[in-house]
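**Student:** Just the structure for this:
(one chain, ligands or ions: 1)
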Amino acid sequence: MAKIVVANWKENPQSQKEAEVLFKGTFLLAKFRENTRIIICPPFPYLYLSGKFKNKKVFLGAQNVGKEEGGSYTGEVSPKMLSDMGADFAIVGHGEERLLGETNEIINAKILNLLKFKLSPILCVGESERDKEGNYLSFVEGQVKDCLLAVPKAQMKNIIIAYEPIWAIGANATREATKEEFMEMKIFIKKVISDIYDGKIAHSIPILYGGSVNPANASQFVDGGKADGLLVGRDSLDPKKFGAILNALN
Ligand code: PEP
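**Tutor:** Prediction:
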């Protein structure tokens, strides 16, 4: 299976010009990488820029989506708008959105809304701390179950899950996860999926790792931790570093 690498640009860069340069650099990196599927998730205002570049291995994703189909919802963006801009994916449940009050219930509505319009959700899950008693496992189990509520079996082939422990993501990260921590969580999430659906779906669902991925640690998650791919924040903003991460996967 091709490895999936998601570039989450977050609230960057600050101008169209810089975004265009970043798109160009990232698209160039995708050349000759048969075994990697790159998904670029820029801020909404830059989605249109990806249309200037062509590469079948690079996909476009949004960083969020509204939970309604459209209408009187100030500040929201519908799945149909995203797909009209060329997006095939959208991140939902990102830790930084959850911190702003996004609940599992809202995330579930967003997932159902995306699937209705044939977009693939990249569902982020992850605990804010690892306690010795292992409560973080039931916390993530709750996230997976609640966010996937009423998602039909037939739609599960369109879902990607990213394990992103809150303590490992963004500028306030304390450290990245170890490959063992990732592996444990990957097996655990697959067991949860198997309990809800079946073993076949659990086997095929891609589980990515995200949180302080950099050129030096990227291969440990994929080779050692058997991640199906990576979700990269900060280091996706520098094509040199992002290229080195892609190289580490091959
Ligand atoms: C993220 O927040 O999704 C993320 C992976 O960020 P970073 O790589 O910067 O930790």
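
**Student:** how about the residues of the protein near the ligand?
**Tutor:** Listed as neighbours of the ligand in the chain under the rule C-beta under 6 Å from any ligand atom: 8, 164, 169-170, 173, 210-213, 231-234. For the C-beta atoms, the positions are set from N, CA and C on the backbone; glycine is no exception.

**Student:** Now which of the residues you listed would you call buried?
**Tutor:** Buried by 16 or more other C-beta atoms under 10 Å: Asn8, Glu164, Ile169, Gly170, Gly210, Gly211, Ser212, Val213, Leu231, Val232, Gly233, Arg234, out of the residues of the chain next to the ligand.

**Student:** which residues sit against the helix or strand containing Val144?
**Tutor:** Val144 belongs to helix 135-147 when elements are defined using DSSP states H and E. Helix 135-147 is contacted from outside by 92-93, 104-105, 107-108, 111, 123, 125-127, 129-130, 161, 163, 185, 188-189, 192-193, 196, using C-beta atoms under 8 Å, 6 or more residues apart in numbering.

**Student:** Next step: these restricted to helices.
**Tutor:** Members of the contacts of helix 135-147 lying in helices (criterion: DSSP state H): Asn104, Glu105, Ile107, Asn108, Ile111, Met185, Phe188, Ile189, Val192, Ile193, Ile196.

**Student:** Closest one of the residues of the chain next to the ligand to Glu181?
**Tutor:** Glu181 lies nearest to Gly211 out of the residues of the chain next to the ligand, by C-beta to C-beta, at 10.0 Å.

**Student:** wouldn't the closest one be in contact with Asn172 here?
**Tutor:** No. Judged on C-beta atoms under 8 Å, Gly211 makes no contact with Asn172 at a distance of 11.2 Å.

**Student:** will you turn the residues of the chain next to the ligand into TSV that also has distance to Phe221?
**Tutor:** As requested, the residues of the chain next to the ligand are exported to TSV (distance: C-beta to C-beta, whole Å):
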residue	distance to Phe221
Asn8	16
Glu164	12
Ile169	14
Gly170	17
Ala173	15
Gly210	9
Gly211	9
Ser212	11
Val213	7
Leu231	10
Val232	11
Gly233	14
Arg234	16
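
**Student:** Go through the helix holding Val144 and flag the buried ones.
**Tutor:** Residues of helix 135-147 classed as buried: Tyr136, Leu137, Val140, Glu141, Gln143, Val144, Cys147 (neighbour count, 16+ other C-beta under 10 Å).
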